[in-house]
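>>> okay, here's the prediction I keep looking at, along with the sequence it came from:
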Amino acid sequence: MTNKKISLKELLWHFLKIGSIGFGGGMAVIALIEKELIKKKEVISLDEFLHGIGFGQILGPFAVNTSIFIGYRSYGLLGGVLCAIFFMLPSISLVIILSYLYFKFHSIPSLQIALKGIGPVVIALILSAGWSMGKKAIKSKISLLIAFFGLLLSYIKINPIIILILAGLVGVILGLKKEQKKTEEKAKIKVNKNFLAIPFSFFTGSSLSSPFILAINFFKTGLVFFGGGFVLIPILHQQLVEHLGWLTQKEFIDGVAISNLTPGPIAVLATFAGFKVYGFLGAIISTISLFLPSIILMLIISKGYQYLKDWYYFRFFLDGVVPAVIGLIINAGILLSFGVLTNLYAYVMLIISFLLLTRFKLHPAIVLAIGAVTGIILGL
């Protein structure tokens, strides 16, 4: 662990504050952490911070993972867990409140109109995320091909989790071949066929909605939560809407909107879904279950990251996963658009929102608010 520049109490206060104002998630939160805790407080070194960001992108929301890394490097296991909790507390609390109001009062006409106005903005938000991430992630013809097949396979209803695992295996195989050429070694890559025959029952889950089944479904989603918050949208859509039927298409779109109106990670969409299924208890269970795999992995990495930072299998796997993630995200926008783009206003709002998000870089919460107000004014 590093020298303790500030007390644990002060560190937790900083993460609570960052979690309260961290609208935009992802890199917006990382920028806040860097300003408050690295530059001002020097809690850990800049090199360690960059390592934490890199490892944080392996599994789960990397802003949350970075908070775990900083907490662990400063105050061990307790620090890592508490920093994650304090960082997520504001957004989880707000989503629970908004979920309660939504499921209790969403029959009110004005609220329905506002949420309908938000629909095209949500589609634009998803597509803009795919666009901006794709420009950075797709750097070769092979990665473009992986992204295309990711989109195609998800469009024909192949489980997103299976797609990500297969893409990761492709990345490992291609990466090892590159290493083989560099070192001029003739190594044979043996693939265990039993590994490829993953039991589909593990990924398809159960249609029952007991707390245990709720926990299992979100936990296994957390096991393959690669690529940041937006990849969660197609995975949860396939699970919650298409397979389990816990949310309707409209409720899912509204849940995405609500999760974007709060600070912190978009992964709090799980909180909204859990609340629908089992109320307050369901919200807590789904949130903990989704984040638990990445929290455990990040704590392990934080403890031994000096040994893992040069392990290129991680990098190779992610090289395959990232382009597939882009395909999944774009397909999620396409699938959700079928129930949203039903009139001229919706198409116009989609285009305007996309431009506001990609060209003018407006915050998603502002664009969502514009959509809601416009929907109310037009009286859709």
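Alright, I've got the coordinates. The shown structure was predicted, so the numbers you read here are calculated from the model rather than taken from an experiment. Numbering: from 1, shown residues only.

>>> switch to C-alpha atoms for all contacts and neighbour counts from now on
OK.

>>> can you pull out the strands in the stretch 1-150 of the chain?
Under the criterion DSSP state E, counting those that start in this stretch, strands are not mapped anywhere in the stretch 1-150 of the chain.

>>> can you list the weak-confidence ranges in it?
The stretch 1-150 of the chain contains residues with pLDDT under 70 at 1-4, 23-28, 54, 57, 106-112.

>>> one more time with 90, if that's ok
Scanning the stretch 1-150 of the chain for pLDDT under 90 picks out 1-6, 18-36, 38-63, 66, 73, 98, 101-139.

>>> and whichever strand or helix holds L214, what does it pack onto?
Using DSSP states H and E, L214 maps to helix 211-222. With contacts taken as 3 or more C-alpha pairs under 8 Å, 6 or more residues apart in numbering; DSSP states H and E, helix 211-222 sits against helix 269-308.

>>> tell me which strands and helices the helix it packs on is in contact with?
Looks like helix 269-308 contacts helix 46-56, helix 62-105, helix 211-222, helix 249-260 (3+ C-alpha pairs under 8 Å, 6+ apart).

>>> buried sites along that helix?
For helix 269-308, burial by neighbour count (16 or more other C-alpha atoms under 10 Å) applies to 269-280, 282-295, 297-299, 301-303, 305.

>>> quick one: mean pLDDT for that helix?
Averaged over helix 269-308, pLDDT sits at 89.

>>> next helix or strand past that helix?
Next helix or strand after helix 269-308 toward the C-terminus (DSSP H and E): helix 312-337.

>>> between that next one and helix 46-56, how many degrees?
Computed by axes from the mean of the first three to the mean of the last three C-alpha atoms, to 10 degrees, the angle separating helix 312-337 from helix 46-56 equals 60 degrees.

>>> got phi/psi on the spatially closest residue to F226 that is not a sequence neighbour?
Leaving aside its sequence neighbours, F226 sits nearest to L59 (C-alpha to C-alpha, 6 or more residues apart in numbering; 4.8 Å). Here is the backbone geometry of L59 (degrees, to the nearest 10): phi -150, psi 130.

>>> gap between L59 and L94?
24 Å (C-alpha to C-alpha, to the nearest Å).

>>> which of the two has more residues huddled nearby?
Between L59 and L94, L59 has the larger neighbour count (other C-alpha atoms under 10 Å), namely 22 against 19.

>>> can you verify my assumption that the more buried one contacts S294?
Yes. Between L59 and S294 there is a contact under C-alpha atoms under 8 Å: 5.5 Å.

>>> got any residues that touch both of the two?
Taking C-alpha atoms under 8 Å, 6 or more residues apart in numbering as the criterion, L59 and S294 both touch 222-223.

>>> okay, now K141: neighbour count?
Other residues near K141 come to 9 when the count uses other C-alpha under 10 Å.

>>> equivalent analysis for S74, please.
The local packing of S74 (other C-alpha under 10 Å) involves 23 other residues.

>>> do D47 as well
Neighbours of D47 using other C-alpha under 10 Å come to 9.

>>> if we can go back for a sec, tell me how far the residue nearest to F226 lies from I334.
Remark: distance between L59 and I334 (C-alpha to C-alpha) = 25 Å.

>>> can you pull the buried residues of the helix or strand hosting G171?
Using DSSP H and E, G171 maps to helix 160-183. The neighbour-count check on helix 160-183 (16+ other C-alpha under 10 Å) flags 160-177 as buried.

>>> then stretch 7-23?
Under 16+ other C-alpha under 10 Å, the buried positions of stretch 7-23 are 8, 11-12, 14-16, 18-23.

>>> touching it from outside, list them.
Stretch 7-23 is contacted from outside by 28-29, 32-33, 36-37, 67, 71, 75, 79, 82-83, 86-91, 261-264, 365, using C-alpha under 8 Å, 6+ apart.

>>> roughly how far out does that stretch sit from the chain middle?
When C-alpha coordinates are averaged (C-alpha atoms, centre = their mean, to the nearest Å), stretch 7-23 and its chain have centres 21 Å apart.
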